[in-house]
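> Okay, sequence plus prediction incoming.
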Amino acid sequence: MSAPTVTPEAPPAEEKSNGGLRGAADGYFARIRGGDVGALPAVLSLLVLVIVFTLLRPDTFTSALNFSNLLHQASAVIVIAMGLVFVLLLGEIDLSAGWTAGVGAAVMGVFLTNHGWPWYLSVVACLVTGVVVGTVLGLLVSYVGIPSFVVTLAAFLGLQGVLLKLIGEGGTVSIGNDVVLAINNKNIPVWAGWLLWFIVVGGFGALSWRRSIRRRSAGLTAEPASVVLIKVVVLAVALGVATYYLSIERSNNPETNSLKGVPQVVVLLLILLVVLSFVLGRTAFGRHIYAVGGNAEAARRAGIDVRRVRLYCFMICSTLSAVGGILIASRNNSISPSTGGADTLLYAVGAAVIGGTSLFGGKGRIIDAILGGLVIAVIINGMGLLNKPSSTVYMVTGLVLLVAAGVDAISRRRAASTGRI
């Protein structure tokens, strides 16, 4: 009996085996040999970096306080990278994502601080700013036909001017609202952290089991129960260790300022991960994104409105960039002319690519942004603890990005030679 045909618009499919754990392992290694490495390079890089920095700075790098700070530092880049995944899947680029974050944060800050708006209306204004920027970029790329590199490069320059216009040359806008500041500074209660662990692990296990049963009932091959169980156990252990670590008191003065529990921003990241992964993997729109990224002309002939897909992806990217701007403002307690600038865009693009999203389009997942963002955060954090200069940090990060892009190119060429794309 021949294997089921995988449609071109679907995400990269996994080859399943009914041969139990051994068969699943053989199938996984066969996919790797065929060029489908997925997030494996990012996971291995993250493990190696954690081990290296743990050995070099066991007293500081492995502390609960540093672990929490690392998550806070990485959150904004991860969210912006999530948006960039949508654009990169099309084979496009958005060079203005960092400054979109800055302008969105500035709009929020001006309304919140200078005009006394409620925090929720100020946040909505920030998000609307992201939607407007994304709509303009998407219309110029999709309907006017200007290359995304040119359009977003122009926006990269223009949005810097908009940011300066909003807050003034050399000026800053302070954020004093407790709700906004709590987003990327406060923690949820310890019991809520363990409840979150239970929901994530239980939800993942239930969805994996349900998917396996549905595939079998449809006569399709599915992951063996042993593989599903191993995945659930690994996830439970990994997240359990992280939750336990974050539940440790990490304040020097717990009587006056207790610091324990999972950061609130982690909840936001998990919500975005679930929602955006559902959009890409379980909706027609998500399948259309992969189809356009794989072959835009074939997608057009199949009846997909390619221009509209591109427009929506740029809108999603810029809106998530605005969310990243909120996280930056919350972490820094203010908005300055450099908010969203400097290395924000470079790190966000690097996070998506290092995590496994292809620069050529058609391959990538939302989880890639999280994995890549953590890799970059660990490099920056670890190098800082080693007192390495910024020059070293830039060189190491650039090298990791270059290796990731090289792996992407090689795996894509390998997949083409084996007929997997």
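That came through, no problem.
> I'd like to know how many residues surround Ala97.
By the criterion of other C-beta atoms under 10 Å, Ala97 has 34 neighbours. The C-beta positions use only the backbone N, C-alpha and C, and glycine is treated the same way.
> And for Ile188?
By other C-beta under 10 Å, the residues close to Ile188 number 16.
> Could you tell me how far it is located from Arg308?
Per C-beta to C-beta, to the nearest Å, Ile188 is found 38 Å from Arg308.
> now do Gly203
32 Å.
> Identify the residues contacting Gly130.
100, 104, 318-323, 325 (C-beta atoms under 8 Å, 6 or more residues apart in numbering).
> Generate a ChimeraX selection restricted to the buried subset of those residues.
Buried residues among those (16 or more other C-beta atoms under 10 Å), as a ChimeraX selection:
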select :100,104,318,319,320,321,322,323,325
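> Give me the distance from the helix or strand where Glu297 lies to the chain's centre.
Under the criterion of DSSP states H and E, Glu297 resides in helix 296-301. How far helix 296-301 lies from its chain's middle: 27 Å, per C-alpha atoms, centre = their mean, to the nearest Å.
> Check what pLDDT Val378 gets.
Val378 is assigned a pLDDT of 90 by the prediction.
> just Arg250 next, same as before
84.
> And the strands in the chain?
Taking DSSP state E as the test, the strands found in the chain are 173-174, 334-335.
> possible to save those as a markdown table with mean pLDDT?
Below are the strands of the chain laid out as a markdown table (pLDDT from 0 to 100):
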| stretch | mean pLDDT |
| --- | --- |
| strand 173-174 | 88 |
| strand 334-335 | 90 |
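> As a markdown table, those strands with mean neighbour count and distance to Tyr245 would be great.
Formatted as a markdown table, these follow (neighbours: other C-beta atoms under 10 Å; distance: least, C-beta to C-beta, whole Å):
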| stretch | mean neighbour count | distance to Tyr245 |
| --- | --- | --- |
| strand 173-174 | 18 | 32 |
| strand 334-335 | 24 | 30 |
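> Quick one, which of the ones you listed gets closest to Ile289.
Closest approach to Ile289 among the strands of the chain (C-beta to C-beta): strand 334-335, 31.9 Å.
> what's the spacing between the spatially closest residue to Val353 that is not a sequence neighbour and Arg287?
Take Val353 and drop its neighbours on the chain: the residue closest to it by C-beta to C-beta, 6 or more residues apart in numbering is Ala404, 5.2 Å away. Ala404 is 26 Å from Arg287, where distance means C-beta to C-beta.
> Could you list the residues in contact with stretch 178-198?
68, 72, 75-76, 108, 112, 119, 122-123, 175, 236, 239-240, 243, 246-247, 259-268, 270, 326-327, 329-331, 333.
> Just the CA trace of that stretch, in CSV.
Output of stretch 178-198 as CSV, limited to C-alpha atoms (Å, rounded to 0.1, in the frame of the first residue of the first chain):
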residue,chain,number,x,y,z
ASP,A,178,1.6,49.3,37.2
VAL,A,179,-0.3,47.1,34.8
VAL,A,180,2.0,47.8,31.9
LEU,A,181,5.1,47.5,34.1
ALA,A,182,4.0,44.2,35.5
ILE,A,183,3.8,42.6,32.0
ASN,A,184,7.5,42.0,31.7
ASN,A,185,8.6,42.5,35.3
LYS,A,186,6.3,40.6,37.7
ASN,A,187,5.7,37.0,38.3
ILE,A,188,2.5,34.8,38.7
PRO,A,189,2.0,33.0,42.1
VAL,A,190,3.9,29.8,42.6
TRP,A,191,0.7,27.7,42.6
ALA,A,192,-0.4,29.3,39.3
GLY,A,193,3.0,28.3,37.8
TRP,A,194,2.4,24.7,38.6
LEU,A,195,-1.2,24.9,37.4
LEU,A,196,0.2,26.3,34.1
TRP,A,197,2.7,23.4,33.9
PHE,A,198,-0.2,21.0,34.3
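> which of the residues in that stretch are buried?
Of the residues in stretch 178-198, those buried (16+ other C-beta under 10 Å) are 180-181, 183-184, 187-188, 190, 193-194, 196-197.
> Likewise for stretch 392-408?
Buried residues in stretch 392-408, counted by 16+ other C-beta under 10 Å: 393, 396-397, 400-401, 404, 407-408.
> And the average pLDDT for that stretch is what?
On average, stretch 392-408 scores 78.
> Show me what counts as buried in stretch 229-238.
232, 235-236.
> Between the residues you listed, which sits nearest Val133?
Nearest to Val133 among the buried residues of stretch 229-238: Leu235, at 35.9 Å, using C-beta to C-beta.
> need the contact list for that closest one.
Applying C-beta under 8 Å, 6+ apart, the residues near Leu235 are 200-201, 204.
> Can you tell me the centre-most residue of this protein?
With distances taken as C-alpha atoms, centre = their mean, Ala369 lies nearest the centre of the chain, 2.6 Å away.
> Kindly present the strands of the chain as TSV, with separate columns for distance to Thr129.
Shown next, in TSV, are these (distance: least, C-beta to C-beta, whole Å):
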stretch	distance to Thr129
strand 173-174	14
strand 334-335	13
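> And the ones you listed: which comes nearest Asp94?
With respect to Asp94, and counting by C-beta to C-beta, the nearest of the strands of the chain is strand 334-335 at 20.8 Å.
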